[in-house]
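Engineer: how would this look folded up:
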Amino acid sequence: MKKKQIAVNLLWLRTGQVGGSQEYLIRQLMGVSLNEEAKNDYQITLFVQKGFARHHPELAEIYKCVEAPAHRGARLARIALEQTWLAIKTRKFDAIHHGGGTMPRFGLRNTILTMHDVQYLSFPENFSRLKLAYLSRVVPSSLNRATVITTPSSYVRDRLISQFKLSENKVKVVRHGVDSAIGKDSTNEAELRQRFRLELKKVIFLPAITHPHKNHKFLLQLMKLHWTEKDLVLVCAGGKGGAEEEFMREVRRLNLDDRVMRLGRVSDSDRDGLMKLSLALVFPSLYEGFGAPVIEAMILGTPVIASNCASLPEVIGDAGLVLPLELDAWSSALQIVQAQREKFVSAGKLRATHYSIRNSGNDLVEAYSAVVI
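Structural biologist: Residues are numbered from 1 along each chain as shown. Have a look, this model is predicted:
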């Protein structure tokens, strides 16, 4: 039987850039390569920016990659290429998977559209006027035209169905896939403690860009009012987001300079090592389409304390401490996870198996099968 031809539109993925939606789809595609049905039934081709194969050799070894004319990540240039170059290049394929949350108006009729989240509906103030106008116009159109829509969580699925009056059969959950081998190259604890002057410190860890919805300031209030041990340090890793300056001002205002460590971006090895040595991953986010760091912490044996917002209760289940964003509710959280550490670590490792790369790939194959029957 002739294999079905599936195109995957990755033109939206900027070469060398790392983020939740990028990692989500890359891991899905790795998972698809482990699926026997996919090996037998589908020929998958990736349409990518220049340099993609160099930054993602693991995918380039598995799938044929077709490079687009250079557009340097500029949105208007990328949109123009999707409407023209991509439409022409994929016209003989059986279906196309758009992984960036929007779809061009021209091209194949059989489509899979991945929607990582719809944060702009919940927190429009976090977006520029131009971006908000673009999403408000393009997202509904893309959702209506897609054959199948995939989301990383039931939370996002239910929000799409409710907000845009979509058929339940049209929207399918494709789980995040988190590599169970994460942490195998993590930096040694002793080295990290010496380098960052953490030798005698108790560490809690938040790996997140300082976007407003990540809610870093909530932890500062906790550090000032409830988590007051002098040897307790909040380590924040991740790039600078829109709330960076406000966060650092608050650190100074609350006189927490010696108890809050702002590292910026760190290597994967350092990040995993810091996660492993921490008392807990603290994740007070206001919005997550999935929240991969909570599963990564579970794999690494670190208890999770997280907010009860958006998808987090669904993803964490009973494998972590899920709390409302109230200071009193979080006041004893560290004592709880320390007293029940073995229970949380064991439950977390079990929970993480549900979000394997193989399971993610299997979910995506099911979505493909619904389009090219």
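
Engineer: by contact count, what packs against the biggest helix by length in the chain?
Structural biologist: Ranked by residue count, the top helix of the chain under DSSP state H comes out as helix 129-145. Judged by 3 or more CB pairs under 8 Å, 6 or more residues apart in numbering; DSSP states H and E, helix 129-145 is in contact with strand 111-114, helix 119-122, helix 154-164. For glycine as for every other residue, the C-beta is placed from the backbone atoms N, C-alpha and C.

Engineer: counting contacts, what elements does the first one pack onto?
Structural biologist: The helices and strands touching strand 111-114, judged by 3+ CB pairs under 8 Å, 6+ apart, are helix 20-32, strand 95-98, helix 129-145, strand 148-151, helix 357-371.

Engineer: okay, the ones you listed in a markdown table with distance to residue 84, mean pLDDT and mean neighbour count next?
Structural biologist: A markdown table is the format used below for the helices and strands packed on strand 111-114 (distance: least, CB to CB, whole Å; pLDDT from 0 to 100; neighbours: other CB atoms under 10 Å):
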| stretch | distance to residue 84 | mean pLDDT | mean neighbour count |
| --- | --- | --- | --- |
| helix 20-32 | 23 | 87 | 22 |
| strand 95-98 | 14 | 96 | 26 |
| helix 129-145 | 17 | 94 | 14 |
| strand 148-151 | 24 | 98 | 25 |
| helix 357-371 | 23 | 96 | 21 |
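
Engineer: what would those look like in a markdown table with distance to residue 165?
Structural biologist: Converted to a markdown table, those look like this (distance: least, CB to CB, whole Å):
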| stretch | distance to residue 165 |
| --- | --- |
| helix 20-32 | 24 |
| strand 95-98 | 21 |
| helix 129-145 | 9 |
| strand 148-151 | 13 |
| helix 357-371 | 20 |
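
Engineer: Please name whichever of the ones you listed is nearest to residue 320.
Structural biologist: Taking CB to CB, helix 20-32 is the member of the helices and strands packed on strand 111-114 nearest to residue 320, at 18.4 Å.

Engineer: Just the CA coordinates for the closest one, please, in PDB.
Structural biologist: Extracted C-alpha coordinates of helix 20-32, given in PDB (Å, rounded to 0.1, in the frame of the first residue of the first chain):
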ATOM      1  CA  GLY A  20       7.200  25.400  25.000                       C
ATOM      2  CA  SER A  21       5.400  25.200  21.600                       C
ATOM      3  CA  GLN A  22       8.700  24.400  19.800                       C
ATOM      4  CA  GLU A  23       9.700  21.600  22.200                       C
ATOM      5  CA  TYR A  24       6.100  20.300  22.200                       C
ATOM      6  CA  LEU A  25       6.000  19.600  18.500                       C
ATOM      7  CA  ILE A  26       9.700  18.500  18.200                       C
ATOM      8  CA  ARG A  27       9.100  15.800  20.800                       C
ATOM      9  CA  GLN A  28       5.800  14.800  19.200                       C
ATOM     10  CA  LEU A  29       7.700  14.200  15.900                       C
ATOM     11  CA  MET A  30      10.300  12.100  17.700                       C
ATOM     12  CA  GLY A  31       7.500  10.100  19.200                       C
ATOM     13  CA  VAL A  32       5.900   9.600  15.800                       C
END
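
Engineer: Only C-alpha atoms, please: export the next helix or strand after that helix in PDB.
Structural biologist: The helix or strand immediately downstream of helix 20-32 is helix 36-41, counting by DSSP states H and E. In PDB, the C-alpha atoms belonging to helix 36-41 read as follows (Å, rounded to 0.1, in the frame of the first residue of the first chain):
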ATOM      1  CA  GLU A  36       4.900   1.300  13.900                       C
ATOM      2  CA  GLU A  37       1.700   2.400  12.200                       C
ATOM      3  CA  ALA A  38       3.400   5.700  11.200                       C
ATOM      4  CA  LYS A  39       6.500   3.800   9.800                       C
ATOM      5  CA  ASN A  40       4.200   1.700   7.700                       C
ATOM      6  CA  ASP A  41       1.600   4.200   6.600                       C
END
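
Engineer: Check which helices and strands helix 36-41 is in contact with.
Structural biologist: Helix 36-41 packs on helix 357-371, going by 3+ CB pairs under 8 Å, 6+ apart.

Engineer: List the buried residues of the helix or strand bottoming out on mean pLDDT in the chain.
Structural biologist: Taking mean pLDDT, DSSP states H and E as the measure, the chain has helix 75-81 as its least confident helix or strand, at a mean of 84. Buried residues in helix 75-81, counted by 16 or more other CB atoms under 10 Å: 78-79, 81.
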